[in-house]
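Enquirer: sequence-free structure coming up:
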């Protein structure tokens, strides 16, 4: 298998942009109409994911160790889309037909052999990982909605009771789907694990968000949701490191940060924790009652609210990171951040410029809802640590 030839040919195909996934899906559904039901009615949300995922796989085709880990997770995760071993050959045929179509005269027998071998490896690793995962966890859990509270026009706090224990670590994210939606989105529980196994989710309805809008506006107590295995570790507390914490949250990014505060409390409050919670205005601190209750019961926790519209500089919005840095030097602490991509990127860049070590900055970057199986090719897809509108979390 010539990896350089694979990369070069994929670069030529990817240059055709949106035409590539359009041809791929058309071929896949025309030849195998039975797989169409695995995807949402509106395919617009995942057209670019095929190119993104294939690009990731091809760019790492010569880094076997890294690629295998990625594919193993992908294979196990795709069980929640009802993907089975017999679906892989159909996808491989559609992929080869797409490559041949866009490469035209540059499609050779040698290149066909390279791509067949590469896809065979991908399919083998994913199917083996899926089979192994069957002995560890179900494709999904069923969770009953036992609480649904609208905190604002576009934010709801849901309490879910899984049919049986769904283990997770504070800071991780859990896939959530309405069975009728055929789409998943990852949210971080806003609580540390509880004796009764219930989960608290903070959901903001994102514009065009198939899952988030349904959870906020179309879900009621008694409804059942599907829950996928937890993913991610970047926001988990580093027990070996210990030490005090600086927590920065914005909007519903407060959810995973809240779970970390509860974890510190459950461990006996042996750390000092400074928490900065940001929102656009005072009216948007949707969980202030819970925050104030934590602050009152935890002497080791200091809470500061930062309202964006209360900036001392006219025409500017007050930022959580600026307020935190104005209050002190936190170089001795581990910093956990969660909020919008803009907030997290800005804060990380600021702290890095000031000399904070990358190992003490903890954050996730999840970016969008996941639709259907990986044949976007990673619609359900790409490594969750890169993905996902996000964690419970980012707005």
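Expert: Thanks, I have it. All figures in this text were calculated on a predicted structure; none of them were measured in a lab.
Enquirer: The longest helix along the chain packs against which elements?
Expert: When the chain is parsed with DSSP state H, its longest helix is helix 109-133. Helix 109-133 sits against helix 3-14, helix 64-77, helix 88-103, with contacts defined as 3 or more Cβ pairs under 8 Å, 6 or more residues apart in numbering; DSSP states H and E. C-beta: built from backbone N, CA, C; applies to glycine.
Enquirer: Residue 36 is in contact with residue 25, isn't it?
Expert: No. Residue 36 is beyond contact range of residue 25, at 9.1 Å (criterion: Cβ atoms under 8 Å).
Enquirer: higher neighbour count, the two?
Expert: Applying other Cβ atoms under 10 Å to residue 36 and residue 25 shows that residue 25 carries more neighbours, namely 22 against 14.
Enquirer: dump the residue contacts of residue 101.
Expert: Applying Cβ atoms under 8 Å, 6 or more residues apart in numbering to residue 101 gives the contacts residue 23.
Enquirer: again with residue 190
Expert: 157, 200, 201, 202, 254, 255, 256, 258, 259, 287, 392.
Enquirer: What helix or strand is it located in?
Expert: Residue 190 belongs to no helix or strand when elements are defined using DSSP states H and E.
Enquirer: got it, and residue 326?
Expert: helix 320-327.
Enquirer: Could you list every helix and strand that that helix packs against?
Expert: strand 245-250, strand 273-279, strand 301-307, helix 341-353.
Enquirer: weakest of the helices and strands packed on helix 109-133 in terms of mean pLDDT?
Expert: Across the helices and strands packed on helix 109-133, helix 64-77 has the smallest mean pLDDT, namely a mean of 75.
Enquirer: Identify whichever of the helices and strands packed on helix 320-327 lies nearest to residue 100.
Expert: helix 341-353 (37.2 Å; Cβ to Cβ).
Enquirer: Distance from the chain centre to that closest one, please.
Expert: Remark: helix 341-353 is offset 19 Å from the chain centroid, using Cα atoms, centre = their mean, to the nearest Å.
Enquirer: Distance from the helix or strand that it is followed by to the middle of the chain?
Expert: Using DSSP H and E, the helix or strand that follows helix 341-353 in sequence is strand 361-362. Taking Cα atoms, centre = their mean, one finds strand 361-362 lying 17 Å from the centre of the chain it belongs to.
Enquirer: Repeat that for stretch 338-351.
Expert: 16 Å.
Enquirer: List the neighbours of the one helix or strand residue 296 maps to that are in contact with it.
Expert: Residue 296 belongs to helix 288-297 when elements are defined using DSSP H and E. Residues outside helix 288-297 that contact it (Cβ under 8 Å, 6+ apart): 254, 258, 261, 262, 265, 275, 277, 285, 301, 302, 303, 305.
Enquirer: From residue 267, how far off is the closest residue in space to residue 116 that isn't next to it in sequence?
Expert: Distances taken as Cβ to Cβ, 6 or more residues apart in numbering put residue 96 closest to residue 116, at 6.9 Å, once the chain neighbours are dropped. The gap separating residue 96 from residue 267 is 53 Å, by Cβ to Cβ, to the nearest Å.
Enquirer: Between these two, tell me which one has more neighbours.
Expert: Set residue 96 next to residue 267 and count neighbours by other Cβ under 10 Å: residue 96 wins out with 17 against 12.
Enquirer: On the secondary structure side, give me the element for residue 174.
Expert: Counting by DSSP H and E, residue 174 is part of strand 174-177.
Enquirer: What helices and strands are in contact with that strand?
Expert: Applying 3+ Cβ pairs under 8 Å, 6+ apart, we find strand 174-177 packed against strand 183-187, helix 210-217, strand 224-227.
Enquirer: Ok, which of the ones you listed comes nearest residue 77?
Expert: Of all the helices and strands packed on strand 174-177, it is strand 183-187 that lies closest to residue 77, at 9.3 Å by Cβ to Cβ.
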